[in-house]
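Chemist: Provided below are the primary sequence and the corresponding predicted coordinates.
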Amino acid sequence: MGSLIRFGVSLPIELLKNFDILIKKMGYNNRSEAIRDLIRKSLIEEEWKSKKEVAGAILLVYNHHTRELVNKLLDIQHDFGKLIISVQHVHLDHDNCMEVLAVKGKTHEIKELYYKLKSVRGVKQCELVKATTGKKVK
Ligand code: NI
């Protein structure tokens, strides 16, 4: 973090009360850190609206016995090989697998990969976690 600045914010008292209850539940010790995180979240959302490079993670859960599913997922991952930094595969049980793909690239490319994986028949869960490359978010 660079140099710090203090600023005042006016807001309805009920809003602040509810915010304080929420951040206490979330484990924050003070409002400043909670507000910093909200600002960071907004900046990351904004990064993802741009066409700049971002980072993220795609989580998949599927039954590997489903016909053709594994081949389809592998084909897609090979097509988007330049975006995928690493893949972690976990055998959850006899049938179910979980994969976490660490990705980095342009927002529209990552979203395309995410939508393709999500739409494969037999995929039980597919989530995209939007991360920042960290350059603009301090
Ligand atoms: Ni597996």
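Modeler: Here it is on my side, so go on. Numbers count the residues shown, from 1 in each chain.

Chemist: Check which residues of the longest helix anywhere in the chain are buried.
Modeler: When the chain is parsed with DSSP state H, its longest helix is helix 31-49. Judged by neighbour count using 16 or more other C-beta atoms under 10 Å, the buried positions of helix 31-49 are 34, 44, 47-48. C-beta: built from backbone N, CA, C; applies to glycine.

Chemist: what does the helix or strand of the chain with the lowest mean pLDDT contact?
Modeler: For the chain, scoring each helix and strand by mean pLDDT, DSSP states H and E identifies helix 31-49 as the least confident one, at a mean of 92. Outside helix 31-49, the residues that touch it by C-beta atoms under 8 Å, 6 or more residues apart in numbering are 19-20, 23, 26, 28, 54, 107, 130-133, 136-137.

Chemist: Neighbour-wise, which one of those residues leads?
Modeler: Within the contacts of helix 31-49, most neighbours by other C-beta atoms under 10 Å means residue 54, with 21 neighbours.

Chemist: Given the strand or helix carrying that one, what are its sheet partners and their directions?
Modeler: In this assignment (DSSP states H and E), residue 54 forms part of strand 53-63. Paired with strand 53-63 in the same sheet, following DSSP bridges, are strand 96-106 (antiparallel), strand 123-131 (antiparallel).

Chemist: Alpha carbons of the longest one, as CSV, please.
Modeler: The C-alpha atoms that make up strand 96-106 are tabulated as CSV, following Å, rounded to 0.1, in the frame of the first residue of the first chain:
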residue,chain,number,x,y,z
ASN,A,96,-16.8,-37.1,-9.3
CYS,A,97,-13.9,-34.9,-10.3
MET,A,98,-13.2,-31.3,-9.4
GLU,A,99,-10.9,-29.2,-11.6
VAL,A,100,-9.5,-25.7,-10.9
LEU,A,101,-8.1,-23.8,-13.8
ALA,A,102,-5.9,-20.8,-13.1
VAL,A,103,-6.3,-18.5,-16.1
LYS,A,104,-4.8,-15.2,-17.3
GLY,A,105,-5.8,-13.3,-20.5
LYS,A,106,-8.2,-10.9,-22.0
